[in-house]
Each structure stands twice: as C-alpha cells, then as structure tokens.
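Chemist: Have a look at this prediction, sequence included:
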Amino acid sequence: MIAQIKPNPISIWLNYGVLTPLEINELRKSSYNVTEFLKPINTNDNAALEAAIETVQEHHIGQNVWVEHISNL
C-alpha cells in the first residue's frame, strides 16, 4: 500500500510567456503541476503581484508560496 502512495507533485505557477508551451509540457511530463497565468502580470506593480499571490494561495491553502522575481533595475 505504501508503494502506491505518491507525494503530491510540485506546483509551479508561471507568469504568462515565461516558458514556451514545449517547456511547460516537458515539466508536466516530469510530474510537475504547472499553471501559467492567462495574461502577463506586471511584475513592477505590487498590487498585481499581491493579486497573483492571492490567487495561488486560494488554490494551495495553507501552503508556503515562494516568489522569484528579477528586477528591471
């Protein structure tokens, strides 16, 4: 029975256009749970980032959310 229990896949949420559809499919084939936002999130807009984080939190209640962001500076 224990051998049949598999851990939940790692969930990755991507800003629109960060990866190509081929790259996303490769991650999914490797058992990653990948979600791409339907439209680009302005990473220089704190309110937009907060809204995106809230969306992720709604889908992953009680889980830690890690955000990686490269500044345009």
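Modeler: Structure's in. What do you need? Residues are numbered from 1 along each chain as shown.
Chemist: Bridge partners for the most centrally placed residue in the chain, pull those for me.
Modeler: In the chain, the C-alpha nearest the mean C-alpha coordinate belongs to Trp13, at 1.1 Å (CA atoms, centre = their mean). Under DSSP bridges, the beta-bridge partners of Trp13 are Thr35.
Chemist: How much space separates it from Glu36?
Modeler: Counting by CB to CB, to the nearest Å, the gap from Trp13 to Glu36 is 8 Å. Every residue, glycine included, has its C-beta placed from N, CA and C.
Chemist: what do you get for Ile53?
Modeler: 16 Å.
Chemist: Also Glu50?
Modeler: To Glu36, Glu50 is 19 Å away according to CB to CB.
Chemist: Neighbour count: these two, which is higher?
Modeler: Glu36 (15 against 10; other CB atoms under 10 Å).
Chemist: any idea how far the residue nearest to the more buried one when sequence neighbours are not counted lies from Lys39?
Modeler: Of all residues not flanking Glu36 in the chain, Leu14 sits nearest, at 4.7 Å (CB to CB, 6 or more residues apart in numbering). Distance of Leu14 to Lys39, computed by CB to CB: 12 Å.
Chemist: report the longest helix in this protein, please.
Modeler: In the chain, with assignment by DSSP state H, the single longest helix is helix 46-59.
Chemist: before we move on, the earlier item: list the residues that contact the residue nearest to the centre of the chain.
Modeler: Val34, Thr35, Glu36, Phe37, Ala52, Val56 (CB atoms under 8 Å, 6 or more residues apart in numbering).
Chemist: Kindly report the same for Pro40.
Modeler: Counting by CB under 8 Å, 6+ apart, Pro40 makes contact with Asn15, Tyr16, Gly17.
Chemist: which stretches of this structure have low pLDDT?
Modeler: Counting by pLDDT under 70, the chain has low-confidence residues at 1-8, 72-73.
Chemist: how about Glu68, secondary structure?
Modeler: coil (DSSP: H, G, I helix; E, B strand; the rest coil).
Chemist: repeat for Ile24
Modeler: Counting by three-state DSSP, the backbone at Ile24 sits in helix.
Chemist: Is it correct that it is in contact with Glu36?
Modeler: Yes - look at Ile24 against Glu36 with CB atoms under 8 Å: they come within range, at 6.3 Å.
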